[in-house]
Every structure is written in C-alpha cells, then in structure tokens.
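1. Have a look at this prediction, sequence included:
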Amino acid sequence: MITTDAIAQTQALFSKLDGGNDGYELFIQSNGTVMGSVNATDATTTVTLPDSSVHSVMMVVYRSGAATDTIKIYIDGWLAKSHAVSQTLATTADLQVGNRNPPTRGVNGSMLSAFVMNFALTPLQVNDLHRTMLREINKE
C-alpha cells in the first residue's frame, strides 16, 4: 500500500535492476501512471493514481517456463495492465524498496507495506490481499 504525495517525478516502488537493465522494477511515473518493467520491457497502465490517496499497486510476473512470460500490474486489486515479455529474469542486483538501483527516484509519500514473493499470485489472491490490507488500514 502506498500513499502518494505530489507526483512530480518518477518514483520507484521497488527495483532489482542491474546496470545492464537485467531484472525488474515497478514505479509510478510523473504523470501518475504505473509502469512495471522486466529486463527493460515495459508495461504501463492507462489508469492514473491521484495525489494523496491510498492505493495498492502490485506487479505479478507469470513465469510460463516457455519463451514468453507475462507482466500483470494490479491497482487496488484490479488488473490495470497485462503485457508479454520474452526475456528471463536474471540479476544479482540488490533489491531496493522505495528506491531504485542506483539510488534515484525515491518515493515521495508513504509506503505502508511492501511484499516480494517467490510465487505468482492469482487474480483472486491479488484482490483478496488488497481487501485485507484495506481492512487493516481502516482499523487504525
């Protein structure tokens, strides 16, 4: 979950990208759209995030074992973008949360939670996770 303040520049939510663009990252662009990238193959949403609102933003990479995998970006539990990628995920870069490697484009707002999993969530699991996080936030 993230609360965005003024979106005036690109803000990395997480990045595991080396100098040769091997790896993956997820970020909010300066126009409020969300972009996920695997080995420099990008998937950009048409949905924009309004300033000062709480959102869940998730990227799931479905690894098919074949030559083509799929990036899916979910906003508030709903699919916002699906895009095929033909590269494999391979990087030894450190995982950056709320920033990018090298450290640039940090989050201007609050990251309330962050998850990186070693398996792909189903669309139902994404929606359930979003609803669970909202319930926890609304308890406070």
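-> Arrived safely. The shown structure was predicted, so the numbers you read here are calculated from the model rather than taken from an experiment.
2. Check the chain and tell me which residue is nearest its centre.
-> The centroid of the chain falls nearest to residue 26 when counting by CA atoms, centre = their mean (3.6 Å).
3. Could you list every helix and strand in contact with the helix or strand containing it?
-> In this structure, residue 26 sits in strand 23-28 according to DSSP states H and E. Counting contacts by 3 or more CB pairs under 8 Å, 6 or more residues apart in numbering; DSSP states H and E, strand 23-28 packs against strand 11-17, strand 33-38, strand 57-62. C-beta: built from backbone N, CA, C; applies to glycine.
4. again, only using 6 Å
-> Applying 3 or more CB pairs under 6 Å, 6 or more residues apart in numbering; DSSP states H and E, we find strand 23-28 packed against strand 11-17, strand 33-38.
5. and the angle for the shortest one with strand 23-28?
-> Put plainly, it is strand 33-38. Strand 33-38 runs at 180 degrees relative to strand 23-28, counting by axes from the mean of the first three to the mean of the last three CA atoms, to 10 degrees.
6. Beyond strand 33-38, next helix or strand please.
-> Of the helices and strands lying after strand 33-38 in sequence (DSSP H and E), the nearest is strand 41-48.
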